[in-house]
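Undergrad: just need the structure, nothing else, for what follows:
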Amino acid sequence: METAATALTFRDATDVDVDELVALIESAYRGDDSRAGWTTEADILEGQRTDPEGVLEVIKSPDSRLLTVERDGRIVACCQLKHEGENAYFGMFAVSPQLQGAGLGKVIIAEAERQARDSWGVREMQMSVISVRDDLIAWYERRGYRRTGRMTPFPYGDERFGVPQRDDLQFELLVKELA
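TA: Next up is the predicted model:
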């Protein structure tokens, strides 16, 4: 019987993965392809979600890792883990839209938390989520994350983060204690 965790390989991304990772991240969040999954931001943001320079910066950063998830030799998901003292930051999370809704995200976030805890001894995982993404925030809450009410402004005018389709976007900090 196949499960979400069947034959997954977790590894750190390298320079040669950049183009494939950019394509994955874009497909999970932007444009019509993203509508195949439930994590799309296509109704609130147009334009790019990331670019090769942004992905390479995460790969090269000494305090950051881009955890890449493969199945059958193909990258199907990724997430950023960044060491920030006693905390880790979780970001750039993308699962192939065709594989969303099958439990893969739960397996990946649990592994990311385990790796951050075991590698860095961190006590808390943090992330920023666009505050109007109620369905996504609810998914993270079911994984043990809690809303803090701490908001940071969306970078309006910086198209590296997309072209907003609404004027009420901001990021909310979510946190989870790691036992």
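Undergrad: which parts of the protein are strands?
TA: For the chain, the strands defined by DSSP state E cover 8-12, 45-46, 64-71, 74-84, 87-95, 124-130, 146-153, 163-164, 170-177.
Undergrad: show me what the fourth one packs onto, helices and strands only.
TA: What it means is strand 74-84. In terms of contacts (3 or more C-beta pairs under 8 Å, 6 or more residues apart in numbering; DSSP states H and E), strand 74-84 is packed against helix 18-29, strand 64-71, strand 87-95, helix 104-120. C-betas here are computed from N, CA, C, even on glycine.
Undergrad: adding distance to E57, write these out as CSV.
TA: Shown next, in CSV, are the helices and strands packed on strand 74-84 (distance: least, C-beta to C-beta, whole Å):
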stretch, distance to E57
helix 18-29, 10
strand 64-71, 8
strand 87-95, 11
helix 104-120, 19
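Undergrad: mind checking how far V129 is from D167?
TA: 18 Å (C-beta to C-beta, to the nearest Å).
Undergrad: who has more neighbours out of those two?
TA: The residue with more neighbours, out of V129 and D167, is V129; 19 against 7, by other C-beta atoms under 10 Å.
Undergrad: pull the helix or strand with minimum mean pLDDT from this structure.
TA: strand 45-46 (a mean of 84; mean pLDDT, DSSP states H and E).
Undergrad: tell me which strands that one pairs with, and in which orientation.
TA: In the sheet, strand 45-46 lines up against strand 163-164 (antiparallel) (DSSP bridges).
Undergrad: residue contacts, the residue nearest the centre of the chain?
TA: The centroid of the chain falls nearest to F93 when counting by C-alpha atoms, centre = their mean (1.4 Å). F93 is in contact with 77-80, 105, 108-109, 127, counting by C-beta atoms under 8 Å, 6 or more residues apart in numbering.
Undergrad: which of those has the largest number of neighbours?
TA: Counting by other C-beta under 10 Å, top hit in the contacts of F93: C78 with 27 neighbours.
Undergrad: wait, isn't that one in contact with M92?
TA: Yes: in this structure C78 lies within contact range of M92 using C-beta atoms under 8 Å: 6.6 Å.
Undergrad: give me the common contacts of these two.
TA: Jointly contacting C78 and M92 under the rule C-beta under 8 Å, 6+ apart are 25, 66.
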